[in-house]
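Novice: here is my input; please provide its structure:
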Amino acid sequence: MKSNTYQNRWAALALLCTAQFMVIMDTSIIGVALPAIKSDLGYTQNGLQWIFNAYVIFFGGLLLLGGRLSDLFGARKIFTAGFGILTVASLLAGLAWSPTVLNTGRALQGMGSALIAPASMTLLMTTFSDPKELGKAFGFWGASAAAGGSAGVFLGGIITEWLNWSWVFYINIPIGFVVIVLSKKYLQRGSKTDGVVDWSGAIMGTAALVLLVFAIVSAETAGWASTQTIGLVGTAILIFALFLISQKKKKYPLLPLSIFKAPNLSAGNMVMALMAAAWIPLWFFLNLYLQQILKLNAFYSGLALLPMTITIMIVMVGITGKLVARFGFKANLITGLLSLSISLFLFSMAPAKGQYLVQVLPASLLGAIGMSLAYIPGTMAAMSGARPEETGLASGIVNTSYQIGSAIGLALISVFATHTTQNNIELGMDASQALNSGFNAAFLGAAIVALVGLLIALFSIREKK
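Specialist: Got it, this is the predicted structure:
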């Protein structure tokens, strides 16, 4: 087996990078398609966020479970199962005839990705034993993530404009089929550990997140002080409290709470959650601004965002590592969050009759640079205090924090945007101006979130000299 693994390790890397590419692409490819999906399936403006949140909630909520299953049953088996779920879910999403069906398909895609991500990381670590080769493999790994973001934006525009939005999901099917077929030949089985699966912990953690996000999204209609909103939030808090109690008492918990004693882990995860809560609304509302305010079609909207995603790929893969080596992760994290917040403030002033070269391109490139400088240092900060035997768990917690921050941040900021738009319409503002005012409010809210993350990083993150 060792000889076979050695001979095929670069083919294995290609499969693992394909997995990373798809997981990231599934997040970015839907952005340009949102207006077309809204028109065809009858989504409300506020309801559109569920196309994203349904994926992110189940991805983030089940990542720790995916890592645990990978440890117990072998990484290759869980990796293949994840691709099976993702492929079937992509077919369901593409065939969707209603918002409920599409949201269900997206949730199942998130479940599949939650199995793929930790299993592929384990396979990467075990396939490359030589430190130099492992470093090179991680370079390809990072590049595949950035490429997935770039390809998702561009392909989303081409597919939506020239085919149909359903194909942003169908594109996963042939790729998934090829990966499943080749996995047995090129990937190691992975070792197995003793223990049991904390199914109740996974269910409680995910249920608490779903209820909280649903409470936030529906509060605009039901009312923030309504029985429904208070009941949902209260239930989410109760379930999460029970989850924490259960984790403290179980022999094989999904989330060993003792890991939070590690320096920087709590503060680092807060920063990562806030970073996501600022970045994802930027990406989400910028797509809508380009198509609903500037009136670009899907193809040109995807093309307009391509410089942004290419910048992320270049800076994150070729520059960030060198800057971290020279200045440390804290300085880069703070610089990145500051750049991201300035970008968002600039977008918050974009007029309804804006111009791409003036209002969009400069601010989007600044945001891309900021995210590229902040993401890897933020991850490093959160994991810097973990013991060697805790690095896998710490990595899972960081990814979970990022995804949960994405979901809750987008939910809150979408409600803020919708409320602003509706208020301005009631005051007699033109519909297009009112919609743009909602987008401005969303960008302003995200900018404040990024600044809060910056302050936490400044005063709470510690870096060894």
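
Novice: residue ranges in the stretch 101-250 of the chain under the pLDDT threshold?
Specialist: The stretch 101-250 of the chain contains residues with pLDDT under 70 at 129-136, 138-139, 142-143, 145-147, 149-151, 153-154, 189-195, 220.

Novice: kindly recompute the last result at 80.
Specialist: By pLDDT under 80, the weakly predicted segments of the stretch 101-250 of the chain are 118, 121-163, 185-198, 202, 209-210, 213-214, 216-224.

Novice: wait, doesn't Trp162 sit right on Phe299?
Specialist: Yes. Counting by CB atoms under 8 Å, Trp162 does reach Phe299; the two are 7.2 Å apart. No exception for glycine: its C-beta is placed from N, CA and C like everyone else's.

Novice: neighbour count winner among these two?
Specialist: Phe299 (17 against 10; other CB atoms under 10 Å).

Novice: for the stretch 351-465 of the chain, what are the low-confidence residue spans?
Specialist: Within the stretch 351-465 of the chain, the segments meeting pLDDT under 80 span 380, 383-396, 399-400, 403, 407, 463-465.

Novice: what is the helix or strand containing Leu92 packed up against?
Specialist: Following DSSP states H and E, one finds Leu92 within helix 75-95. Under the contact criterion of 3 or more CB pairs under 8 Å, 6 or more residues apart in numbering; DSSP states H and E, helix 75-95 touches helix 9-28, helix 49-73, helix 99-127, helix 167-170, helix 172-186.

Novice: how is this structure divided into domains?
Specialist: Domain segmentation of the chain under automatic domain parsing yields 1-193, 199-249, 258-465.

Novice: dump the helices and strands packed on helix 75-95 into TSV; add mean neighbour count and distance to Ala431 as well.
Specialist: Below are those laid out as TSV (neighbours: other CB atoms under 10 Å; distance: least, CB to CB, whole Å):
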stretch	mean neighbour count	distance to Ala431
helix 9-28	22	29
helix 49-73	25	20
helix 99-127	23	22
helix 167-170	22	28
helix 172-186	17	36
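
Novice: I'd like the ones you listed written out as TSV, with distance to Val213 added.
Specialist: Formatted as TSV, those follow (distance: least, CB to CB, whole Å):
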stretch	distance to Val213
helix 9-28	16
helix 49-73	6
helix 99-127	12
helix 167-170	22
helix 172-186	24
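
Novice: out of those, which comes closest to Ser339?
Specialist: Closest approach to Ser339 among the helices and strands packed on helix 75-95 (CB to CB): helix 9-28, 20.0 Å.

Novice: could you dump the closest one to CSV, C-alpha only?
Specialist: Below are the C-alpha coordinates for helix 9-28, written out as CSV (Å, rounded to 0.1, in the frame of the first residue of the first chain):
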residue,chain,number,x,y,z
ARG,A,9,0.5,10.7,-4.4
TRP,A,10,0.3,13.5,-7.1
ALA,A,11,-2.8,11.9,-8.7
ALA,A,12,-4.3,11.8,-5.2
LEU,A,13,-3.4,15.5,-4.7
ALA,A,14,-5.2,16.3,-8.0
LEU,A,15,-8.4,14.6,-6.6
LEU,A,16,-8.1,16.3,-3.3
CYS,A,17,-7.6,19.7,-5.0
THR,A,18,-10.6,19.0,-7.1
ALA,A,19,-12.6,18.4,-3.9
GLN,A,20,-11.4,21.8,-2.5
PHE,A,21,-12.2,23.5,-5.8
MET,A,22,-15.7,22.2,-5.8
VAL,A,23,-16.5,23.0,-2.2
ILE,A,24,-15.4,26.6,-2.7
MET,A,25,-17.0,26.9,-6.2
ASP,A,26,-20.3,25.8,-4.8
THR,A,27,-20.3,28.8,-2.5
SER,A,28,-19.3,31.3,-5.2
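
Novice: after that helix, which helix or strand is next?
Specialist: Later in the chain than helix 9-28, the nearest helix or strand by DSSP H and E is helix 34-41.

Novice: report the angle between that following helix and helix 49-73.
Specialist: On the basis of axes from the mean of the first three to the mean of the last three CA atoms, to 10 degrees, helix 34-41 is oriented at 100 degrees to helix 49-73.

Novice: same for helix 34-41, what does it pack against?
Specialist: Secondary elements touching helix 34-41 (3+ CB pairs under 8 Å, 6+ apart): helix 99-127, helix 265-288.

Novice: now the last one: average pLDDT?
Specialist: Same thing as helix 265-288. The average pLDDT within helix 265-288 is 89.

Novice: okay, buried residues for the helix or strand following that helix please.
Specialist: Using DSSP H and E, the helix or strand that directly follows helix 265-288 along the chain is helix 298-318. Neighbour-count burial for helix 298-318 flags 298-305, 308-317 (criterion: 16 or more other CB atoms under 10 Å).

Novice: after helix 298-318, next one along is what?
Specialist: Assigned by DSSP H and E, the successor of helix 298-318 is helix 320-327.

Novice: after that next one, which helix or strand is next? Please name it.
Specialist: helix 329-347.

Novice: so that next one versus helix 320-327, what angle?
Specialist: Counting by the same axes, to 10 degrees, helix 329-347 lies at 120 degrees to helix 320-327.

Novice: dump stretch 267-285 to PDB, keeping only the CA atoms.
Specialist: These are the backbone C-alpha positions of stretch 267-285, laid out as PDB (Å, rounded to 0.1, in the frame of the first residue of the first chain):
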ATOM      1  CA  ALA A 267     -10.300  35.200  20.200                       C
ATOM      2  CA  GLY A 268      -9.100  33.800  16.900                       C
ATOM      3  CA  ASN A 269     -12.400  32.100  16.300                       C
ATOM      4  CA  MET A 270     -14.300  35.200  17.100                       C
ATOM      5  CA  VAL A 271     -12.200  37.100  14.600                       C
ATOM      6  CA  MET A 272     -12.800  34.400  11.900                       C
ATOM      7  CA  ALA A 273     -16.500  34.500  12.500                       C
ATOM      8  CA  LEU A 274     -16.700  38.300  12.200                       C
ATOM      9  CA  MET A 275     -14.400  38.200   9.200                       C
ATOM     10  CA  ALA A 276     -16.900  35.900   7.500                       C
ATOM     11  CA  ALA A 277     -19.900  38.000   8.700                       C
ATOM     12  CA  ALA A 278     -18.300  40.900   6.800                       C
ATOM     13  CA  TRP A 279     -16.900  39.200   3.700                       C
ATOM     14  CA  ILE A 280     -19.900  37.100   2.700                       C
ATOM     15  CA  PRO A 281     -22.400  40.000   2.800                       C
ATOM     16  CA  LEU A 282     -19.900  42.000   0.600                       C
ATOM     17  CA  TRP A 283     -19.900  39.200  -2.000                       C
ATOM     18  CA  PHE A 284     -23.700  38.600  -1.700                       C
ATOM     19  CA  PHE A 285     -24.800  42.200  -2.000                       C
END
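
Novice: no more questions from me, cheers.
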